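J.: Below are the sequence and a predicted model for it; my questions follow.
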Amino acid sequence: MIQGLSAEEWAAVGISLKVAVTAMLVSLLPGLVIAVALERGRFWGRQALDILVHLPLVLPPVVVGYLLLLGFGRKGPIGAFLADHLGIVLSFRWTGAALACAIMGFPLLVRAIRLSLDSVDRKLEDAAGTLGANPAWVFVCVTLPLILPGIFAGMVLSFAKAMGEFGATITFVSNIPGETQTLPSAIYTFTQIPGGESGALRLTLISLLISVSALAVSEWMARRVRQRLSAR
Amino acid sequence: MSLVVDIRHQQGAFTLQARFESHGHLTALFGRSGAGKTTLVNAISGLLAPREGRIVVDGQVLFDADEGIAVPPHRRRIGYVFQEGRLFPHLSVRQNLLFGRWFTPRERRAASFDDVVAMLGIDHLTERRPATLSGGEKQRVAIGRALLADPQLLLMDEPLASLDDERKAEIYPYIERLRDAGRVPIVYVTHSVAEIARLSTSIVLLSEGRVTAAGPSAELLRDAKLFPQFGAAEAGAVVDARVASQDDRYDLTLLEVRAGTLTVPRLARVIGAALRIRVRARDVILSIRPPTGLSALNVLPGRIIAVDTGTGPSADVTVDCAGDRIVARLTRKSVHEMALRPGLAVHAIIKGIAFEGDAAGAPPA
């Protein structure tokens, strides 16, 4: 079956992996910062930020994609700035697909990290403080190791969301084979042409394989962390 | 070391208004649950900022509401042993012990890892994870972790409360050793009279957010007026004693106190060893004449110095037995019928059982 993949199909698999990994890694640090801010911070506009982060979860993906096109397109205010000053073009490029996927997966990442932050025993952080650790060190030495399972879970969710993202991606960067055609858009294309069923099925199986593997890896990592916390 | 605390704090309907000074090796903060003990130590550690007041340790102002001084916890150098240990689950015992050291400048590191680990008897645990330790082991590691951060003051918030009697007995000697070494003064929160009688050198009594008495332990524990606060069943006087001889035939130990000898079930102590015993007021009865035909072995002659009759059915009578103060809890009726009054010569009859268990702790050095 795998040998039966055409160059174009291989490209779609490659682009999807590239897009998903990039989206996951790029959103990790901002996701962590925003999760900590929302969970621990007391600042003006916290509620608004919370809503903004959650928007991609409730908006139709096509709307998110269109908003990205307006903002990050060549003629959009941010897109024009990036293109003119930094030479970064996002629209109709795979990097644009990564941005769309990162934004769509962002609420899932933030939620997973917030959940684990909420379950951290604040008393352990107090104890670290009395031992001489300032708040930054407390975060690095105590909080961060304790929320690692949540961070892993968030990364897997973000990756999986990116592997499956379709609406925002196709609206923002279209469906260009070899550049922006991800697995879902390739599958969609196959279903639109007569005799494309076998191609769609092949890519579906591959998509399934990648998702299950990601889930297995995350389970394995979570188990290792749990063992470290409870065993000798 | 000196500790000066004078704070006011409001938490919902609860008001803490505490003011005391302490110079002891081990200062016990004693009071029932809800008296404000933990709030007080949290304020000393910096985990809680009181509304008003001052906290000064060894002349260093850690908190002053008027001056706007509030040194953050990590700069106070105050060790804190919590009720539930609070060991870091993701670190090994060794890493837990050395946690504070990472944040202590090299020139201030005085406590030696090997010494602390040996003193607490935890050298065989260093490679384990906290989750695999027993309750008593966890508390010993928590004490070691606090000590290795080289604190100038050590707070212990009911460190034995979650342990059973056997585990408590396992930890007492370590705390005594720590107290007697005298390097780090200790503030010890407890609601157990047995613990203060055994461990404390000075006591601060807290009741409903206020300090009701403070001073050296021996004085406070002998003061009958404070007995209601220690709890009726547990109240009693503390007497210094010395092991006079061992009676192998009956498995008894003879103790010498100022007014005579006391016979108690065998204590595993050498002859001449000094110890502190607690005589609970409810275990003492009084007789006007020298008693005869009595099963109790311990009778000390003395003179009544105070009669405290409250509003309830009982009265506390303080008897001076050649310098040792023994307190007897009698009914008001007996006090009246025997015409007990200050100055009267009496005999205090002490039931031998009163010395058992952890009442026989070692006195502070």
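T.: Looks like it came in fine.
J.: can you map out the strands along chain A?
T.: Counting by DSSP state E, one finds no strands in chain A.
J.: any idea how far residue A:164 is from the most centrally placed residue in chain A?
T.: With distances taken as CA atoms, centre = their mean, residue A:158 lies nearest the centre of chain A, 3.1 Å away. Here the criterion is CB to CB, to the nearest Å. By it, residue A:158 lies 11 Å from residue A:164. C-beta: built from backbone N, CA, C; applies to glycine.
J.: again with residue B:93
T.: As defined by CB to CB, residue B:93 lies at a distance of 45 Å from residue A:164.
J.: What are the contacting residues of stretch A:178-198?
T.: Residues outside stretch A:178-198 that contact it (CB atoms under 8 Å, 6 or more residues apart in numbering or on different chains) are A:8-9, A:11-13, A:15-16, A:19, A:92-94, A:96-97, A:163-166, A:169-170, A:173-175, A:177, A:199-200, A:203-204, A:206-207.
J.: any idea which residue sits dead centre in chain B?
T.: Among the residues of chain B, the one closest to the centroid is residue B:196, at 1.8 Å (CA atoms, centre = their mean).
J.: measure stretch B:12-30 end to end?
T.: 22 Å (CA to CA, to the nearest Å).
J.: hmm, I was thinking of stretch B:49-61
T.: Terminal residues of stretch B:49-61 are spaced 14 Å apart (CA to CA).
J.: go on, stretch B:143-158?
T.: Stretch B:143-158 has its terminal residues 12 Å apart, counting by CA to CA.
J.: quick one: buried residues of that stretch?
T.: Buried residues in stretch B:143-158, counting neighbours by 16 or more other CB atoms under 10 Å in any protein chain shown, are found at B:143-151, B:153-158.
J.: likewise stretch A:66-84?
T.: A:66, A:67, A:68, A:69, A:72, A:73, A:76, A:79, A:82, A:83.
J.: between the residues you listed, which is closest to chain B?
T.: Among those, residue A:68 lies closest to chain B (CB to the nearest CB), at 39.2 Å.
J.: That closest one contacts residue A:98, correct?
T.: No. With contact defined as CB atoms under 8 Å, residue A:68 does not count as touching residue A:98 (11.5 Å).
J.: in stretch A:165-178, what's buried?
T.: In terms of neighbour count (16+ other CB under 10 Å), stretch A:165-178 has its buried residues at A:165, A:166, A:167, A:168, A:169, A:170, A:171, A:172, A:173, A:174, A:175.
J.: now do stretch B:163-171
T.: B:163, B:167, B:168, B:170, B:171.
J.: so how far is it off the chain centroid?
T.: 15 Å (CA atoms, centre = their mean, to the nearest Å).
J.: Need the contact partners of that stretch.
T.: B:134, B:135, B:136, B:139, B:140, B:159, B:160, B:358.
J.: Quick check on those: which are buried?
T.: By neighbour count, with 16+ other CB under 10 Å, those hold B:135, B:136, B:139, B:140, B:159, B:160 as buried.
J.: give me phi/psi at the closest residue to the first one other than its chain neighbours?
T.: Which is residue B:135. Excluding the flanking residues, the one nearest residue B:135 by CB to CB, 6 or more residues apart in numbering or on different chains is residue B:163, at 5.1 Å. Main-chain dihedrals, residue B:163, degrees, to the nearest 10: phi -110, psi 150.
J.: What are the boundaries of the strands in the stretch 101-250 of chain B?
T.: Using DSSP state E, counting those that start in this stretch, the strands found in the stretch 101-250 of chain B span residues B:153-157, B:186-190, B:202-207, B:210-216, B:236-247.
J.: now stretch B:39-51: how far from the chain's centre is it?
T.: Per CA atoms, centre = their mean, the centroid offset for stretch B:39-51 relative to its chain is 21 Å.
J.: What are the contacting residues of that stretch?
T.: For stretch B:39-51, with CB under 8 Å, 6+ apart as the criterion, the contacting residues are A:126, A:129-130, B:3, B:5, B:7-11, B:14, B:16, B:18, B:29, B:55, B:57, B:62-63, B:65, B:70-73, B:76, B:78, B:80, B:153, B:155, B:157, B:187, B:189, B:206.
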